[in-house]
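A.B. asks: Okay, here's the prediction I keep looking at, along with the sequence it came from:
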Amino acid sequence: MIDAATIHQCADPGLRPAIVETFIRAVGAPDPLAVTVRTGSRVILVTPPKTPDDAMELVRHYVGQAMVRVGVTQYPAGLGITDLSELKPDLVDTCANIRMGTALFGKVYRIVTKWYGAQVDEAFGDAIDAWKTGYFDGKYVFDEPDPGNLPARKAASDAGDKPADGDAARPASRPDVGTQQDKEPGDPNKAGIRIDLTGIGVSK
């Protein structure tokens, strides 16, 4: 687990440290050299890299052929890359990976929260799902524009006094957080997700 000092130093300042810690706990890897390769619902077994050079060689081999996630935040390695020469060793640097990963997750969280219209528990959980699959509401979420500031959180007292308004903040349907292939039984991206929201300020 990444220590709090590293999180404070490296994480995107737009996310509270407690949210960053929960995000890394839910999706991250303890090894900054960790490389995960998937095609659809299948995990490709690779030899764990022992050096940054080994990790980058592995990334270059699979980017463009499979979904490659790298480092502490399991950052999508091919994002925004048009040529393999653009892949940088920052991917396997702990601090740089946390900085890039938390900035990108912050955008994903804002996209999902905007869909719900308010900061609710489901938004955080669906943002984690979207990070794992790469998709939200049928779209490749990492390429979507950042909607900007989060909608205001609904106060518990307001929700109690005005049930209609509270219900309006929660759409009647749930968003599509993956492609059809992602939702197949046994999908490793979706299996065994357990998210503890305690302490991040999402739920009171």
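C.D. replies: Looks like it came in fine.
A.B. asks: Show me the shaky parts of the protein.
C.D. replies: For the chain, the stretches flagged by pLDDT under 70 are 1, 151-204.
A.B. asks: all helices of it, in order?
C.D. replies: Listed in chain order, the helices of the chain (DSSP state H) span residues 4-10, 17-27, 52-62, 94-116, 121-133, 156-161, 163-168.
A.B. asks: Mean neighbour count and distance to I44 for the ones you listed - can I get that in CSV?
C.D. replies: All C-beta spots, glycine's among them, are computed from the backbone N, C-alpha and C. Compiled in CSV, the helices of the chain are given as follows (neighbours: other Cβ atoms under 10 Å; distance: least, Cβ to Cβ, whole Å):
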stretch, mean neighbour count, distance to I44
helix 4-10, 13, 29
helix 17-27, 20, 18
helix 52-62, 17, 7
helix 94-116, 21, 21
helix 121-133, 22, 16
helix 156-161, 11, 45
helix 163-168, 11, 44
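A.B. asks: Compare those and give me the one nearest L150.
C.D. replies: Nearest of the helices of the chain to L150, taken as Cβ to Cβ: helix 94-116 at 5.2 Å.
A.B. asks: before we move on, the earlier item: so which of the helices of the chain gets nearest Y75?
C.D. replies: For these, the distance to Y75 is smallest for helix 94-116, at 4.7 Å, taking Cβ to Cβ.
A.B. asks: Which neighbouring elements make contact with the closest one?
C.D. replies: helix 4-10, helix 17-27, strand 75-76, helix 121-133, strand 135-136 (3 or more Cβ pairs under 8 Å, 6 or more residues apart in numbering; DSSP states H and E).
A.B. asks: Relative to G101, which of the ones you listed is closest?
C.D. replies: Closest of these to G101 is strand 75-76, at 4.7 Å (criterion: Cβ to Cβ).
A.B. asks: quick one: the residue nearest to D146 when sequence neighbours are not counted from V20, how far?
C.D. replies: Leaving out its chain neighbours, the residue that sits closest to D146 by Cβ to Cβ, 6 or more residues apart in numbering is K107, at 4.6 Å. Here K107 is placed at a distance of 14 Å from V20 (Cβ to Cβ, to the nearest Å).
A.B. asks: go on, T73?
C.D. replies: According to Cβ to Cβ, T73 stands 9 Å off from V20.
A.B. asks: what's the overlap in contacts for those two?
C.D. replies: Here T73 and V20 share the contacting residues 98, 102, scored by Cβ atoms under 8 Å, 6 or more residues apart in numbering.
A.B. asks: Tell me how far Q9 lies from R99.
C.D. replies: Separation of Q9 from R99 (Cβ to Cβ): 9 Å.
A.B. asks: do the same with R69
C.D. replies: R69 sits at a distance of 16 Å from R99 (criterion: Cβ to Cβ).
A.B. asks: A5 too?
C.D. replies: Distance of A5 to R99, computed by Cβ to Cβ: 15 Å.
A.B. asks: Show me the residue sitting in the middle of this protein in space.
C.D. replies: Central residue of the chain (Cα atoms, centre = their mean): W131, 3.2 Å from the mean position.
A.B. asks: I figured that one hits F105, correct?
C.D. replies: Yes. Counting by Cβ atoms under 8 Å, F105 is a contact partner of W131 at 5.8 Å.
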